[in-house]
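# Next input, structure requested:
(2 chains)
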Amino acid sequence: EDQVTQSPEALRLQEGESSSLNCSYTVSGLRGLFWYRQDPGKGPEFLFTLYSAGEEKEKERLKATLTKKESFLHITAPKPEDSATYLCAVQALLSGGYNKLIFGAGTRLAVHP
Amino acid sequence: GAVVSQHPSRVICKSGTSVKIECRSLDFQATTMFWYRQFPKKSLMLMATSNEGSKATYEQGVEKDKFLINHASLTLSTLTVTSAHPEDSSFYICSAPSGVAGGEGTQYFGPGTRLTVL
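Residues are numbered from 1 along each chain as shown, chains lettered A, B, ... in the order given. Reported below is the predicted structural model:
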């Protein structure tokens, strides 16, 4: 069964304290792994797409990496405005040719000054 | 990135009424759109895949007569919650992929619609 697991469930950091969020997955026919940021009461905001093991992408203080079984979202010197829920999702190919996203439960990040 | 809008952003209705939520892709065409539901502090659960020009595909456990989906054009999908009840209260979010067909490519999400049924 296709599954995405994120850890930790919640993370509290001091401003400037770097850390990593984990996303482990089991899926047949991986078509891509996605990271989103979601603020309370809003829709997810796209961050990164990773397609193959070894791939890395960076945006400001965030860097996403991918292996065959998991992805990490590294946050370097976080600021309070980085506080949000970070969602990981894998895109799987379904029968009939349709793709769908399977989401993890998310990591709620709180960065304190 | 691509922009997806939703309307309304929040709606409060009485039990038994129907509510329509619109999802529009503003700067790209989407033959496929997706509807999700999210409960407080929970992740997104896919409800259905909306297909332009054909019937929607519903996930297991989602009542298609309850949640009517119409994909009227390449930029508009609507979700109608029929005869809404308090248990239908939730955050509904749509998404549209940037790919050409079959939902491939990065999915861009709308801002969500908060439905409260009294």
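# element containing the residue nearest the centre of chain B, please.
With distances taken as C-alpha atoms, centre = their mean, residue B:35 lies nearest the centre of chain B, 3.4 Å away. Using DSSP states H and E, residue B:35 sits in strand B:32-38.
# helices or strands next to that strand in the packing?
strand B:19-25, strand B:44-51, strand B:67-73, strand B:76-81, strand B:90-97 (3 or more C-beta pairs under 8 Å, 6 or more residues apart in numbering or on different chains; DSSP states H and E). Any C-beta I mention is one placed from the backbone N, CA and C, and that applies to glycine too.
# Could you spell out the sheet neighbours of it, each with its direction?
strand B:44-51 (antiparallel), strand B:90-97 (antiparallel) (DSSP bridges).
# OK, contacts around the residue nearest to the centre of chain B?
By C-beta atoms under 8 Å, 6 or more residues apart in numbering or on different chains, the residues touching residue B:35 are B:23, B:46, B:47, B:48, B:50, B:67, B:69, B:77, B:79, B:92, B:93, B:94.
# Measure how buried the first one is and give me the count.
This means residue B:23. 28 (other C-beta atoms under 10 Å in any protein chain shown).
# With adjacent residues omitted, what lies nearest to it?
residue B:94 (3.4 Å; C-beta to C-beta, 6 or more residues apart in numbering or on different chains).
# so how many other residues sit close to that neighbour?
By other C-beta under 10 Å, neighbour count at residue B:94 equals 31.
# what does the one 3 residues further on give?
The local packing count at residue B:97 equals 24, with neighbours defined by other C-beta under 10 Å.
# Which residues does residue A:93 form beta bridges with?
Beta-bridge partners of residue A:93, as defined by DSSP bridges: residue A:99.
# Isn't it up against residue A:31?
Yes: contact criterion C-beta atoms under 8 Å: residue A:93 and residue A:31 qualify, at 5.5 Å.
# follow-up on the earlier one: just give me the closest of the contacts of residue B:35 to residue B:115.
Ranked by distance to residue B:115 (C-beta to C-beta), the contacts of residue B:35 are led by residue B:92 at 6.1 Å.
# ok and the helix-or-strand element of chain A with minimal mean pLDDT relative to strand B:90-97, angle-wise?
Taking mean pLDDT, DSSP states H and E as the measure, the helix or strand of chain A with the lowest value is strand A:99-103, at a mean of 85. Strand A:99-103 and strand B:90-97 are oriented at 140 degrees to each other (axes from the mean of the first three to the mean of the last three C-alpha atoms, to 10 degrees).
# Give me the buried stretch members for whichever helix or strand comes after strand A:99-103, please.
Per DSSP H and E, the first helix or strand lying C-terminal to strand A:99-103 is strand A:107-112. Across strand A:107-112, burial judged by 16 or more other C-beta atoms under 10 Å in any protein chain shown covers A:107, A:108, A:109, A:111.
# How about stretch B:109-116?
Neighbour count says stretch B:109-116 has B:109, B:110, B:111, B:112, B:113, B:115 buried, by 16+ other C-beta under 10 Å.
# With secondary structure, distance to residue A:56 and pLDDT as extra columns, can I get the residues you listed in a markdown table?
Listed next are the buried residues of stretch B:109-116 as a markdown table, based on DSSP: H, G, I helix; E, B strand; the rest coil; distance: C-beta to C-beta, whole Å; pLDDT from 0 to 100:
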| residue | secondary structure | distance to residue A:56 | pLDDT |
| --- | --- | --- | --- |
| B:109 | strand | 24 | 95 |
| B:110 | coil | 29 | 96 |
| B:111 | coil | 29 | 97 |
| B:112 | coil | 30 | 97 |
| B:113 | strand | 35 | 98 |
| B:115 | strand | 39 | 97 |
